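A.B. asks: have a look at this fold, sequence not included:
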């Protein structure tokens, strides 16, 4: 007879799996929190110092070559030396333009935007008069450039027929300000050559807007047609190193060509292949802010990238070059583009051009973070406070997963109720894990318990937690957003660590409601986790800690309610759990089932029968226990649920002389 082998899945204790899995899940979350904390240090740690002395060197280097210009068609214009006439004899000036949203400097050399500050976005709440500086030629050689290039034609000096960003423009004045009651402000710059080609470069600023129109109006008073193109590019120096072991907030170039792409500056020339794109855009992005050139709708442009050397340092350029425009002699035409210099406001950016809202980069969790942010913004529009919006969002998430959580908490409550039985089985079977696991399986089955159910809330919360973290970290709408009392900025840590301490206390309370692991080592790990989490959360954005604290409190309330409800159901007449005699009978049944599962396997009949006897000896008030004890030395060939049938089978086995050697250490009973 081929002995019956119990399937592997039948001898693995789900409770043991859960005991091992829960600490692993928590430790995994701790590791993820550590990585996120590293990212937070990068974002909110001390910023590296830049050297402003590089500005003059930059001008000197750029003044001698055109490596930083796009190539004209069928030419190598970028290798041509810059004409001396572009700069000689004309003094450069800087024009300051102030609006309610922008404070910029325009250099008459090329009409470049060489500095841009955002008055409504201070560096910190402690420095309200120190605005964020986005474009900065002196510190980072970060400038927005645009110009015209003339298509090469025979016997014509094309470099002198169009003003690039190396040309010197004339300005009417050096100070412009958007006055009260004024909605629009135009800043014109002019350039003219000896042939009679006149170009007016105009910046148009609007109240309440970070989007600036840039136009090149070409008047051709020469005696031949003019053919040229407009180009727009962003130039940035090397990105400074920041301390982070694993994660960093991305600072680099981005572009859109039917899909959103971003590249580190060092990889630009390798990763960006020159190609024509339609309705695309280019950008330089950093934490919370960006600058981006946006061509007109349906306009086709050549995407290009360059790496140049300035002041002994590498610098990186990403740009777009338009299709050619031909202007006949005596005619005029206009080439236009737009540039956004400001925060990553997803609503306005999505209205400007497809894909721009993706610059608020949520990474791999975009699929969760975007709907979370949309819902959070809708709630904020209703309540007017981002802190209360986070609380309401947490409640809505909890309601969405209520049934799943309820099932898990019910399973955990039942597990806690049967823990005395489980400990009794552990003491009874000792180191015989196979028999104990079989008995536990039957116990779970009879009590309708899913021992893995308690892990589900953790598994569900981890991706939501990380997605919301990136919403709080990347969404400029929440930057410096106050809540109540001492929480004046939800995007930075709690200055007094009140929320992290409350969160740690809530985790400890939640742990007390859960069934304790059977392994003492795991119990110590679970007790230490609230302390570990408190330390990590002390440096996290207050908005994220607020979410986690609220979620814990709601979970505690739900779990407490379910536990009380199960206890009330058990206390009713005819309720499912247990009086003492019922628990003993269940233990008898569990041991009987364990006997029947392995009775046909050679060498195990005696041990299984012995387990049944041991179980029934705990119920000495029941008459059948004594009868089972008297016959426990004989193996059983078939499972039995009545004392009489067991006795008959054992006697039959004895008549055939099928007594088996008692395992070492077994008790001798007659």
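C.D. replies: Arrived safely, thanks for sending. Just so it is clear, the structure is predicted and the values come from calculations on it, not from any experiment.
A.B. asks: I'd assumed residue 444 was in contact with residue 411.
C.D. replies: No - assessed by Cβ atoms under 8 Å, residue 411 is found out of contact with residue 444, at 9.6 Å. C-beta coordinates here come from the backbone N, C-alpha and C atoms, glycine included.
A.B. asks: in which helix or strand would I find residue 558?
C.D. replies: Taking DSSP states H and E as the criterion, the element that holds residue 558 is helix 542-571.
A.B. asks: just checking, what packs against that helix?
C.D. replies: Under the contact criterion of 3 or more Cβ pairs under 8 Å, 6 or more residues apart in numbering; DSSP states H and E, helix 542-571 touches helix 386-400, helix 402-417, helix 456-474, helix 498-513, helix 520-537.
A.B. asks: nearest to residue 138, of the ones you listed?
C.D. replies: Residue 138 lies closest to helix 456-474 among those, at 27.9 Å (Cβ to Cβ).
A.B. asks: now the angle from that closest one to helix 498-513?
C.D. replies: 170 degrees (axes from the mean of the first three to the mean of the last three Cα atoms, to 10 degrees).
A.B. asks: who does helix 456-474 touch, helix- and strand-wise?
C.D. replies: Using 3+ Cβ pairs under 8 Å, 6+ apart, helix 456-474 sits against helix 14-44, helix 366-383, helix 402-417, helix 542-571.
A.B. asks: hmm, back to that, for the helix holding residue 558, buried residues please.
C.D. replies: Within helix 542-571, the residues that count as buried by 16 or more other Cβ atoms under 10 Å are 542-556, 558-559, 562-563, 566.
A.B. asks: give me the mean pLDDT for that helix.
C.D. replies: Confidence over helix 542-571 (mean pLDDT, whole number) is 83.
A.B. asks: what do you get for stretch 369-382?
C.D. replies: 93.
A.B. asks: pull the number of nearby residues for residue 91.
C.D. replies: The number of residues packed near residue 91 is 7, by other Cβ atoms under 10 Å.
A.B. asks: so it lies in a strand, does it not?
C.D. replies: No - using DSSP: H, G, I helix; E, B strand; the rest coil, the secondary structure at residue 91 is coil, not a strand.
A.B. asks: follow-up on the earlier one: of all the helices and strands packed on helix 542-571, which one is nearest residue 259?
C.D. replies: Between residue 259 and the helices and strands packed on helix 542-571, the tightest spacing by Cβ to Cβ is seen for helix 456-474, at 19.1 Å.
A.B. asks: and stretch 284-295, what's its mean pLDDT?
C.D. replies: Over the span of stretch 284-295, the pLDDT mean works out to 93.
A.B. asks: what about that stretch, start to end distance?
C.D. replies: Using Cα to Cα, to the nearest Å, the end-to-end distance of stretch 284-295 comes to 15 Å.
A.B. asks: returning to what we had before: now, of the helices and strands packed on helix 542-571, which is deepest in the fold?
C.D. replies: helix 456-474 (a mean of 21; mean count of other Cβ atoms under 10 Å).
A.B. asks: can you give me the angle that one makes with helix 402-417?
C.D. replies: Angle of helix 456-474 versus helix 402-417, following the same axes, to 10 degrees, is 130 degrees.
A.B. asks: domain parsing of this protein, as residue ranges.
C.D. replies: 11-43+371-571, 59-154+166-181+202-359, 580-647 (automatic domain parsing).
A.B. asks: residue 187: which of the ones you listed is closest?
C.D. replies: Going by Cβ to Cβ, the one of these nearest residue 187 is domain 59-154+166-181+202-359, 4.5 Å.
A.B. asks: show me where the stretch 101-250 of the chain has strands.
C.D. replies: 103-107, 112-124, 127-136, 143-150, 170-171, 175-177, 184-192, 197-206, 211-220, 226-236 (DSSP state E, counting those that start in this stretch).
A.B. asks: would you list those strands in a markdown table and tack on distance to residue 473 and mean neighbour count?
C.D. replies: Below are the strands of the stretch 101-250 of the chain laid out as a markdown table (distance: least, Cβ to Cβ, whole Å; neighbours: other Cβ atoms under 10 Å):
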| stretch | distance to residue 473 | mean neighbour count |
| --- | --- | --- |
| strand 103-107 | 27 | 22 |
| strand 112-124 | 16 | 19 |
| strand 127-136 | 16 | 16 |
| strand 143-150 | 26 | 25 |
| strand 170-171 | 41 | 14 |
| strand 175-177 | 35 | 13 |
| strand 184-192 | 34 | 17 |
| strand 197-206 | 30 | 20 |
| strand 211-220 | 25 | 20 |
| strand 226-236 | 22 | 24 |
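A.B. asks: ok, and for the helix or strand hosting residue 269, which residues are buried?
C.D. replies: Using DSSP H and E, residue 269 sits within helix 268-271. Buried positions in helix 268-271, judged by neighbour count with 16+ other Cβ under 10 Å: 268, 269.
A.B. asks: who are the packing partners of that helix?
C.D. replies: Identification of packing neighbours for helix 268-271 by 3+ Cβ pairs under 8 Å, 6+ apart yields strand 300-310, strand 313-322.
A.B. asks: what about stretch 115-135, start to end distance?
C.D. replies: Taking Cα to Cα, the first and last residues of stretch 115-135 lie 5 Å apart.
A.B. asks: run through who's touching it.
C.D. replies: Applying Cβ atoms under 8 Å, 6 or more residues apart in numbering, the contact partners of stretch 115-135 are 100-105, 113-114, 136-139, 142-144, 210, 289, 291, 341-343, 479-480, 488-489.
A.B. asks: again, only this time at 7 Å
C.D. replies: Identification of contacts with stretch 115-135 by Cβ atoms under 7 Å, 6 or more residues apart in numbering yields 101-105, 113-114, 136-137, 142-144, 289, 291, 341-343, 480, 488-489.
A.B. asks: run through the bridge partners of the residue lying closest to residue 274 once chain neighbours are set aside.
C.D. replies: Residue nearest to residue 274 in three dimensions, not counting chain neighbours: residue 304, with 4.9 Å by Cβ to Cβ, 6 or more residues apart in numbering. Beta-bridge partners recorded for residue 304 (DSSP bridges): residue 319.
A.B. asks: mind checking how far residue 304 is from residue 269?
C.D. replies: From residue 304 over to residue 269 the distance is 10 Å, taken as Cβ to Cβ, to the nearest Å.
A.B. asks: again with residue 529
C.D. replies: To residue 269, residue 529 is 47 Å away according to Cβ to Cβ.
A.B. asks: how close does the closest residue in space to residue 368 that isn't next to it in sequence sit to residue 507?
C.D. replies: Nearest residue to residue 368 in three dimensions, chain neighbours excluded: residue 467, at 3.7 Å (Cβ to Cβ, 6+ apart). Residue 467 sits 20 Å away from residue 507, going by Cβ to Cβ.
A.B. asks: now swap in residue 358 and tell me
C.D. replies: Residue 358 is 35 Å from residue 507, where distance means Cβ to Cβ.
A.B. asks: try residue 265
C.D. replies: Residue 265 sits 42 Å away from residue 507, going by Cβ to Cβ.
A.B. asks: for residue 565, same thing?
C.D. replies: Residue 565 is 23 Å from residue 507, by Cβ to Cβ.
A.B. asks: residue 485 is in contact with residue 496, correct?
C.D. replies: No - in this structure, residue 496 is not within contact of residue 485 by Cβ atoms under 7 Å, at 9.8 Å.
A.B. asks: more neighbours: which of the two?
C.D. replies: The neighbour comparison of residue 496 against residue 485 (other Cβ under 10 Å) goes to residue 496, with 11 against 8.
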